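>>> how would this look folded up:
(chains A and B, ligands or ions: 2)
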2 protein chains.
Amino acid sequence: MSARPISLGIMLHGAGGHMNSWKHPAGPADASVNLDFYVSQARKAEEAGIAFAFVADGLYINEKSIPHFLNRFEPLTILSALAVATRKIGMAGTVSTSYSDPFTVARQFASLDLISGGRAGWNVVTTPLEGTALNYSRPHPEHALRYEIADEYLAVTQGLWDSWDDDAVIRDRQTGQFFDPAKLHALNHKGRFFEVAGPLNAPRSKQGQPVIFQAGSSDAGIVLAGKYADAVFTHSPSLEETRDFTTRVKDAAVAHGRSRDDVKIYPGIGPVVAETREAAEAKYHAIRALLTLDEALAYLGRYFDHHDFSQYDPDAPFPDLGEIGRNSFRSTTDRIKAEAREKGLTLREVALATATPRPTFIGTGAEVAEKMIGWIDAGASDGFILGFPVAAEGLEDFIRLVIPELEARGRYSRDLPGETLRDHLGLPFKVSRHAGPQAQARAARG
Amino acid sequence: MSARPISLGIMLHGAGGHMNSWKHPAGPADASVNLDFYVSQARKAEEAGIAFAFVADGLYINEKSIPHFLNRFEPLTILSALAVATRKIGMAGTVSTSYSDPFTVARQFASLDLISGGRAGWNVVTTPLEGTALNYSRPHPEHALRYEIADEYLAVTQGLWDSWDDDAVIRDRQTGQFFDPAKLHALNHKGRFFEVAGPLNAPRSKQGQPVIFQAGSSDAGIVLAGKYADAVFTHSPSLEETRDFTTRVKDAAVAHGRSRDDVKIYPGIGPVVAETREAAEAKYHAIRALLTLDEALAYLGRYFDHHDFSQYDPDAPFPDLGEIGRNSFRSTTDRIKAEAREKGLTLREVALATATPRPTFIGTGAEVAEKMIGWIDAGASDGFILGFPVAAEGLEDFIRLVIPELEARGRYSRDLPGETLRDHLGLPFKVSRHAGPQAQARAARG
Ligand SMILES: Cc1cc2nc3c(=O)[nH]c(=O)nc-3n(C[C@H](O)[C@H](O)[C@H](O)COP(=O)(O)O)c2cc1C
Ligand SMILES: Cc1cc2nc3c(=O)[nH]c(=O)nc-3n(C[C@H](O)[C@H](O)[C@H](O)COP(=O)(O)O)c2cc1C
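Numbers count the residues shown, from 1 in each chain, chains lettered A, B, ... in the order given. Ligands and ions are numbered 1, 2, ... in the order given. Have a look, this model is predicted:
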């Protein structure tokens, strides 16, 4: 096995991934709208050599939503702010192709890419949450349609990003020539969902185009990733499942004429680390204790159309729910049902484990580092996105305890290799579709 | 007359308002996509006590567009970046209600308002440029319809901004209560153009809501401003015309149950200032010389559907254009035609004066300062937005030569009075529509 360095991203999601992380004393309770906290997390991550910050998103809340979704920054604005507060770390954010306009989104990411000096990334999502339609004066497109829209949307966006050749803008004060019209390309896209003439009113960036992340894991999601994605954000249920997923995405890339290395896989993991295994377990239990049983039952209910689980005896076996849960979370609800059945779990056990899942990566710094290396060496992924249950504590522990262990094993460097997000991810500069065959070939050789 | 202090904003528009400002040696040629230049202009303005930065915008270009429109930052992203690079100066940006979604725009401005600590402003425009439709897969709404959409759009946006009462989010770690559900308000808007349930996933800011700027000057635009605007950005053809406009906007505010002081008028001016009157004239001529006659003819053509003016003798009287120019720029083209006829101008004179209009405010620092004070004291406006033909030179000259003269006359302070953009504009905190009658009354008393 090659000794590839471990590449890391970090979720910036307020107080953390745990629904009650705001209650944990390690960070501010208002973290999800606290600029200073975002800046400090991004700077700590940057100093530690983490390649990119990653901001998830959602476009619909109601009074039952989990706390850190209720009040949060919008991704493009917070990333633009963080770009100025940092120098090297990548800036990736989530925007839905089901509820936005490609011209606007292409522009905003192009602008972020300029502001950050080539560090922008877009996490393309199709929005599973039906309620979103209630905020956007239109019906919620169903799953297959969402992916058909996303496909055309990405073709438009990437086309717009190549409006200006890298040397199109001349700005010759002597001759008065501002640009070379032969190097400006209108898109003139007319498709099933979009008609976009272009050109975009923004140039290409230091990395060519923003990095495309993708985060859908259905068959349609994998096809989309194979076609367009530079990186994929996915779950991390186990090494084997993640490796299977990785293989499928890389196969899909090859099926689209790309190489296996053109798309990097980043499972999200939420390590809980301490000096000893027992101390790590204690940390996990402190996180679990942020939640009452009632809150855990309500959390579980979110996946099942807010089904009222408080009506059951929590210590009886997990109830038979029949059709309940055949919704957009179905892959999750099916897994919950199956696991409860197979392991004979009670409702209490299912609720607590769903609301505060036991981290796949838990233990001492050495243990977590070894496990991460194991995943990389087994080909399960190219790196990881760190989404700590409690952000403030998690990042500090990780930097203090895991990174030195990765360094000691020669598998991590705090010096990011280049300047752009593509550099950090080991991806080449994105050559324009309008570049000559030589430039294309040079890029293909890497 | 009261000795009201002069309130100022500054346009950040790359190298400047003149179409060939990029050729002027005072600043970088790539200013419109140069973050360092934007940061330095914003910081200089902030140090000089300028109340807000203002970013205009457009959503359509073609190869005939003027240079600084071809490549530019997108307003929300650049303002979010500048918010972190500054501490007090307001951050106002243009977004069109004809080509965006109210939920997204409400969120992005709410997020900018949080990031900046209550310094956000939104310049609401309806987009006159028909070509925009070519980038947005939809027909261009005509003038009246655009304003009907804008009206409903603003009702939705301001409704969303009041989703959370100021004391709705509690975050009590002891009791586990994150928020008070009685203080969270869904909007449930169902109108002619929009259906938006809400609530917004962002809290109100330090200034309550972002400031609403408006920049349309038709009757419909004035009605919209009277109903919603906190500030209006307008032209400055002459003191008398601007005073008339100001009177009409304030009348419209009164007609909507607001006070004359609730809406502040900011004409855009592009002062050219130097140590002597002659030196100021020389500066104006240097700016005029940035343009050839051919370029001036092409610039003129932009207002007349790209009519080819090079077919005429430039030194003959301005040609009779008949119906040409009866387009979305009609108020401008009518003025150009009338002035040419009345003053018996040649095509060359019209073209040069249109492409590089003689500034209304030109002269020594004292002369420009006196004139500005004259406008304020005559009730023509509440302040000015500085849009220098050449940004780098203009701001430096203005700070060096005009501000000291305003200060010497007791009409300007470099200390901004408060923290938020509303503070800077002399507007009260925006009380929530859901606040009790006492809070509303307190706010009305100011
Ligand atoms: C790891 C991961 C992260 C995701 N992050 C977001 C997100 O931030 N916002 C969002 O709306 N959807 C997010 N999604 C949802 C996906 O974009 C997608 O819509 C959903 O998973 C359904 O598509 P699928 O069936 O292809 O998985 C995420 C999905 C995964 C697997
Ligand atoms: C001073 C001023 C500034 C404007 N700035 C913009 C702008 O930045 N972007 C834009 O699309 N329209 C801008 N507009 C256009 C207006 O929003 C409006 O659509 C246009 O003037 C037509 O409306 P009206 O007939 O009410 O004036 C501006 C107009 C004025 C008067």
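>>> Which pLDDT value goes with the residue of the stretch 251-400 of chain A found nearest ligand 1?
Of all residues in the stretch 251-400 of chain A, A:G268 sits closest to ligand 1, at 5.2 Å by CB to the nearest ligand atom. Any C-beta I mention is one placed from the backbone N, CA and C, and that applies to glycine too. pLDDT for A:G268: 98.
>>> Secondary structure class of it, three-state.
Put simply, A:G268 is strand when judged by DSSP: H, G, I helix; E, B strand; the rest coil.
>>> and it, what does it touch?
A:G268 makes contact with A:M11, A:F233, A:T234, A:H235, A:S236, A:F384, A:I385, A:L386, A:G387, according to CB atoms under 8 Å, 6 or more residues apart in numbering or on different chains.
>>> could those residues go into JSON lines alongside secondary structure?
JSON lines is the format used below for the contacts of A:G268 (three-state DSSP):
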{"residue": "A:M11", "secondary structure": "strand"}
{"residue": "A:F233", "secondary structure": "strand"}
{"residue": "A:T234", "secondary structure": "strand"}
{"residue": "A:H235", "secondary structure": "coil"}
{"residue": "A:S236", "secondary structure": "coil"}
{"residue": "A:F384", "secondary structure": "strand"}
{"residue": "A:I385", "secondary structure": "strand"}
{"residue": "A:L386", "secondary structure": "strand"}
{"residue": "A:G387", "secondary structure": "coil"}
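>>> So which of these wins on neighbours?
When neighbours are counted by other CB atoms under 10 Å in any protein chain shown, A:I385 leads these with 28 neighbours.
>>> Grab the nearest non-local neighbour of that residue.
A:G9 (4.2 Å; CB to CB, 6 or more residues apart in numbering or on different chains).
>>> you'd agree that neighbour is up against A:M91?
No - shown here, A:G9 and A:M91 do not form a contact pair, counting by CB atoms under 8 Å, at 10.6 Å.
>>> hey, what's in contact with both of the two?
A:F52, A:A53.
>>> Please list which of the contacts of A:G268 are also close to ligand 1.
Filtering these for proximity to ligand 1 by CB under 6 Å from any ligand atom leaves A:F233, A:T234, A:H235.
>>> Confirm for me that the last one is in contact with A:A215.
No - the pair formed by A:H235 and A:A215 falls short of the contact definition of CB under 8 Å, at 9.6 Å.
>>> Look up the residues that both of these two are in contact with.
By CB under 8 Å, 6+ apart, no residue touches both A:H235 and A:A215.
>>> picking that back up, beta partners for the residue of the stretch 251-400 of chain A closest to ligand 1?
For A:G268, the beta-bridge partners are A:I385 (DSSP bridges).
>>> what about it, distance to A:V196?
Separation of A:G268 from A:V196 (CB to CB, to the nearest Å): 32 Å.
>>> can you pull the contacts of A:W375?
Neighbours of A:W375 in contact, by CB under 8 Å, 6+ apart: A:L239, A:T242, A:P267, A:S381, A:F384.
>>> Check those for burial and list the buried ones.
Buried by 16 or more other CB atoms under 10 Å in any protein chain shown: A:L239, A:T242, A:P267, A:S381, A:F384, out of the contacts of A:W375.
>>> nearest to chain B, of those residues?
A:P267 (26.4 Å; CB to the nearest CB).
>>> State the distance from the nearest residue to the closest one once chain neighbours are set aside to A:G383.
Among residues not flanking A:P267 along the chain, A:S236 sits closest, at 3.7 Å (CB to CB, 6+ apart). Counting by CB to CB, the separation of A:S236 from A:G383 is 12 Å.
>>> And A:P317, by the same measure?
39 Å.
>>> So between those two, which is more surrounded?
A:G383 (25 against 15).
>>> quick one, what contacts the more buried one?
Here A:G383 is in contact with A:I6, A:S7, A:L8, A:G9, A:A51, A:K264, A:I265, A:Y266, A:I376 (CB under 8 Å, 6+ apart).
>>> and if you look at A:R288?
Going by CB under 8 Å, 6+ apart, A:R288 touches A:L352, A:T356.
>>> Kindly report the same for A:D397.
A:P271, A:V272, A:V273, A:A274, A:K283 are the contacts of A:D397 under CB under 8 Å, 6+ apart.
>>> what's the span of stretch A:217-233, first residue to last?
Start-to-end span of stretch A:217-233 (CA to CA, to the nearest Å) is 9 Å.
>>> one step back: would you mind putting the contacts of A:D397 into TSV with neighbour count and secondary structure alongside?
Formatted as TSV, the contacts of A:D397 follow (neighbours: other CB atoms under 10 Å in any protein chain shown; DSSP: H, G, I helix; E, B strand; the rest coil):
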residue	neighbour count	secondary structure
A:P271	26	coil
A:V272	26	strand
A:V273	28	strand
A:A274	21	strand
A:K283	21	helix
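>>> circling back to that earlier point, adding secondary structure and neighbour count, write the contacts of A:G383 out as CSV.
What follows is these, written out as CSV (DSSP: H, G, I helix; E, B strand; the rest coil; neighbours: other CB atoms under 10 Å in any protein chain shown):
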residue, secondary structure, neighbour count
A:I6, coil, 23
A:S7, strand, 24
A:L8, strand, 24
A:G9, strand, 28
A:A51, coil, 29
A:K264, strand, 21
A:I265, strand, 23
A:Y266, strand, 27
A:I376, helix, 21
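>>> For ligand 2, what's its nearest residue on the stretch 101-250 of chain A.
As assessed by CB to the nearest ligand atom, ligand 2 sits closest to A:N201 within the stretch 101-250 of chain A, at 12.1 Å.
>>> neighbours around that residue, how many?
For A:N201, using other CB under 10 Å, the count is 28.
>>> same question, A:D334
Neighbours around A:D334, by other CB under 10 Å: 12.
>>> Within range of ligand 1, give me the residues from chain A.
So chain A meets ligand 1 at A:56-58, A:94, A:96, A:125-128, A:215-218, A:220-221, A:233-235, A:268 (CB under 6 Å from any ligand atom).
>>> Report the buried members of these.
A:56-58, A:94, A:96, A:125-128, A:215-217, A:220-221, A:233-235, A:268.
>>> what residue ranges in chain A are flagged as low confidence?
By pLDDT under 70, the low-scoring segments of chain A are A:1-2, A:443-446.
>>> Give me the distance between the longest helix that it contains and the centre of its chain.
When chain A is parsed with DSSP state H, its longest helix is helix A:143-161. Centroid separation for helix A:143-161 versus its chain: 18 Å, with CA atoms, centre = their mean, to the nearest Å.
>>> same question, stretch A:65-80
14 Å.
>>> For that stretch, measure first residue to last.
Terminal-residue distance, stretch A:65-80 (CA to CA): 26 Å.
>>> tell me the contacts of A:F178?
A:F178 touches A:V169, A:I170, A:R171, A:D172, B:W22, B:P67, B:L70, counting by CB under 8 Å, 6+ apart.
>>> Please narrow the residues you listed to those residing in helices.
Judged by DSSP H, the contacts of A:F178 include B:P67, B:L70 as members of helices.
>>> farthest-separated two in the contacts of A:F178?
With CB to CB as the measure, no two of those lie farther apart than A:D172 and B:L70, at 14.6 Å.
>>> Between those two, point out the one with more neighbours.
B:L70 (26 against 11).
>>> So the more buried one is in contact with A:P181, correct?
No - with contact defined as CB under 8 Å, B:L70 does not reach A:P181; the gap is 10.8 Å.
>>> tell me the domain ranges of chain A?
A:7-278+A:360-445, A:292-355 (automatic domain parsing).
>>> out of those, deepest packed?
domain A:7-278+A:360-445 (a mean of 21; mean count of other CB atoms under 10 Å in any protein chain shown).
>>> mind listing what the residue nearest to A:P267 touches?
Taking CB under 8 Å, 6+ apart, one finds A:T242, A:P267, A:G268, A:I269, A:T360, A:S381, A:F384 in contact with A:S236.
>>> what's the most distant pair in those?
Most distant of the contacts of A:S236, by CB to CB, are A:T360 and A:S381, 12.1 Å apart.
>>> that older thread, list just the nearest of the contacts of A:D397 to chain B.
The nearest member of the contacts of A:D397 to chain B, counting by CB to the nearest CB, is A:K283 at 17.5 Å.
>>> ok so, going back, reformat the contacts of A:G383 as TSV; add distance to B:E152.
As requested, the contacts of A:G383 are exported to TSV (distance: CB to CB, whole Å):
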residue	distance to B:E152
A:I6	51
A:S7	47
A:L8	46
A:G9	40
A:A51	44
A:K264	44
A:I265	45
A:Y266	42
A:I376	53
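>>> Cool, thanks, talk later.
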